[in-house]
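[1] below: sequence and its predicted model.
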Amino acid sequence: MTTAGRILKTTYKDIKADILSKIVQGIWTPGSLLPNEVALAESYDCARATVNRAMRELAEDGLIERKRKAGSRVRLSPLRQARFDIPLVRREIEELGAQYRYALVKSEAGAPPDWLRARLQLPKTGEVLHLACMHYADGAPYQFEDRWINLTLLPQAWEADFSSVGPNEWLVGQVPFSNAEISFSATAADKAISDHLGCPIDAPVFQVERATWWNGQAVTAVRLWHRPGHRMTTRY
């Protein structure tokens, strides 16, 4: 490939786009075996590593299936993966056109309970900061947050003023995360959740549980509850 006398190397994006085009056009049909990486590298006149990255991304996108020794095939049914950002509740509320308000309910530090130590793989020594917070939209309860922060990784949380800023906003400015686990469920409001969200006891509420790690060390674990009728939307 040349442009104005310069030789341009084939990139993994070029290869990925070309393979995707062949799949879309039916040249490589669902279930068909693709050429191996050596053959593809020769046909695209590039390094095998370049082909490998293109194939890896196509597999991550759910379009092909790679098996060691068996080769790569076009998936019979492409996998769809929903992806979304971990939202800042302030931004979420303001994007609804509502006025955001935050309130700290509880803050205490101490040894993590056994279930949390097991959940986050925390060491036997060390402490966590336990926070309970409320988030409001136009004065109405929007989200009740119950959060634990690993003080071994983030000792600066001792001095943070969580009466004025929510822990999620604070964490975003302190440390990234390399791994996350998120689960969603419907649950019945107990008395504490009922009191915070202003809904009847046993009312169905939307619950999110999330835990994050940075390079193998736990950052935080949080449970979030939303009032009945809350809706979450994602796209793929």
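    Looks like it arrived, so ask away. Residues are numbered from 1 along each chain as shown.
[2] contacts, neighbours, all on C-alpha from now
    Fine.
[3] so what's the residue count around the nearest residue to Gln99 once chain neighbours are set aside?
    Sequence neighbours aside, Asp138 is the residue nearest to Gln99 in space, at 4.8 Å (criterion: CA to CA, 6 or more residues apart in numbering). By other CA atoms under 10 Å, the residues close to Asp138 number 13.
[4] surely Asp138 meets Leu96?
    No - judged on CA atoms under 8 Å, Asp138 makes no contact with Leu96 at a distance of 10.3 Å.
[5] run through this protein and note the low-pLDDT ranges.
    Residues of the chain that meet the criterion pLDDT under 70 lie in 1-8, 78-85, 234-236.
[6] which residues of it fall in helices?
    Per DSSP state H, the chain carries helices over the ranges 12-24, 37-44, 48-60, 89-95, 114-120, 167-172, 191-197.
[7] figure out which of those is closest to Leu104.
    helix 167-172 (9.6 Å; CA to CA).
[8] coming back round to it: ok, now which ones touch the residue nearest to Gln99?
    By CA atoms under 8 Å, 6 or more residues apart in numbering, the contact set of Asp138 is 98-101.
[9] got a ChimeraX select line for the buried ones in these?
    Selection of the buried residues among the contacts of Asp138 in ChimeraX, burial being defined by 16 or more other CA atoms under 10 Å:
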select :98,100,101
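[10] which ones among the contacts of Asp138 map onto strands?
    Under the assignment DSSP state E, the contacts of Asp138 contribute 100-101 to strands.
[11] may I see the contacts of Asp138 organised as CSV, with distance to Thr125 added?
    CSV is the format used below for the contacts of Asp138 (distance: CA to CA, whole Å):
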residue, distance to Thr125
Ala98, 43
Gln99, 41
Tyr100, 38
Arg101, 36
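[12] wait, which of the contacts of Asp138 is closest to Ala111?
    Closest to Ala111 out of the contacts of Asp138 is Arg101 (30.2 Å), distances taken as CA to CA.
[13] the closest one pairs with what?
    Per DSSP bridges, the residues bridged to Arg101 are Tyr136.
[14] of all the helices of the chain, which one comes closest to Arg66?
    Each of the helices of the chain has some distance to Arg66 by CA to CA; the shortest is helix 48-60, at 6.9 Å.
[15] for that closest one, what is the distance to the chain centroid?
    Centroid separation for helix 48-60 versus its chain: 23 Å, with CA atoms, centre = their mean, to the nearest Å.
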